[in-house]
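# This is a predicted model, with the sequence first.
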Amino acid sequence: MSVICVLVTLFSFGAILSRAQSWDAAHATYYSNGPYGGACGYFDISRMGYGTMTAALSIPLFSGGESCGACFRIRCVGDRACHNKEIVVTATNLCPQGSYGSWCDTPKRHFDLAPPAFGEIAEMTVGHVPIGYEKVTCARRGGIRFLFRGNDDWFQTLVFNVGGAGDVTAVSIRGANTGWISMTRAWGQNWEMYRVLKNQPLSFMVRIGDGRTVSSWNVANSDWQYGQTYEGYQF
């Protein structure tokens, strides 16, 4: 019986490893700074629901901010330091050109992981490992969230906690007295327009990378305020 169990375990591990090796190839390191700021606009990734399973992406993967919020299943492959484990991480930042070790320099595909995420897939002492990765569906709690910012002439919303593909590709806004108005990506997942729909309830339409859209009607009442976060529907 024990021999059978060992053989089943080895077969399962071999199948998982083979599957991981058929994914796209990249490398991973880990960073030492805290969960604040970043090129996606997620000012506090822990407070915003992304936890510690997060990654900064190199320029080819970051795609000018379009990948912000996307989820990737990753696994360490082909290194003695690898753990027998897959994890899912969310893209929350950019690992810029010229970063330490040049691992994030173009055209490299690289994941700079939060330390807890790296520790799940490999020994922390090595600092750098080859990985396989694939894009997967994001599981989120609650609805899509919209943080409002702006002034009398300018309106911006940070869109976060997006399920499904996770990566927002288009946002439209609608007031009680307007049709749908397309917003422009300012940076990361901050979307803006130079028009303010005052004193009217606001609805949002969000499109994600797989082409699906969801419309959240009357997300904010007519007395909405800057600095507040409002919740819509989810994919």
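That came through fine.
# quick one, what contacts the residue nearest to Arg174 when sequence neighbours are not counted?
Of all residues not flanking Arg174 in the chain, Ser203 sits nearest, at 4.5 Å (CB to CB, 6 or more residues apart in numbering). C-beta coordinates here come from the backbone N, C-alpha and C atoms, glycine included. By CB atoms under 8 Å, 6 or more residues apart in numbering, the contact set of Ser203 is Ile173, Arg174, Gly175, Ser215, Ser216, Trp217, Asn218, Val219.
# any idea whether Ser203 is helix, strand or coil?
Classification of Ser203 using DSSP: H, G, I helix; E, B strand; the rest coil returns strand.
# just Ile131 next, same as before
Classification of Ile131 using three-state DSSP returns strand.
# and what of Phe118?
Per three-state DSSP, Phe118 ends up helix.
# What is the neighbour count of it?
26 (other CB atoms under 10 Å).
# Please list the residues outside stretch 123-131 that contact it.
25-30, 74-79, 81-83, 101, 103, 111, 115, 118, 121-122.
# which ones are touching the nearest residue to Asp152 once chain neighbours are set aside?
Of all residues not flanking Asp152 in the chain, Val196 sits nearest, at 6.4 Å (CB to CB, 6+ apart). Residues in contact with Val196 (CB under 8 Å, 6+ apart) are Gly150, Asn151, Asp152, Asp153, Trp154, Phe155.
# Kindly recompute the last result at 7 Å.
Gly150, Asp152, Asp153, Phe155 (CB atoms under 7 Å, 6 or more residues apart in numbering).
# What is the burial count for the second one?
Right, Asp152. Using other CB under 10 Å: Asp152 sits among 7 other residues.
# Let me know the secondary structure of it.
Criterion first, three-state DSSP; result for Asp152: coil.
# Include distance to Val162 when you put the contacts of Val196 into JSON lines, please.
Output for the contacts of Val196, formatted as JSON lines (distance: CB to CB, whole Å):
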{"residue": "Gly150", "distance to Val162": "21"}
{"residue": "Asp152", "distance to Val162": "29"}
{"residue": "Asp153", "distance to Val162": "27"}
{"residue": "Phe155", "distance to Val162": "19"}
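# Filter the contacts of stretch 123-131 down to the ones in helices?
In this view, the contacts of stretch 123-131 that belong to helices under DSSP state H are Pro115, Phe118, Ile121.
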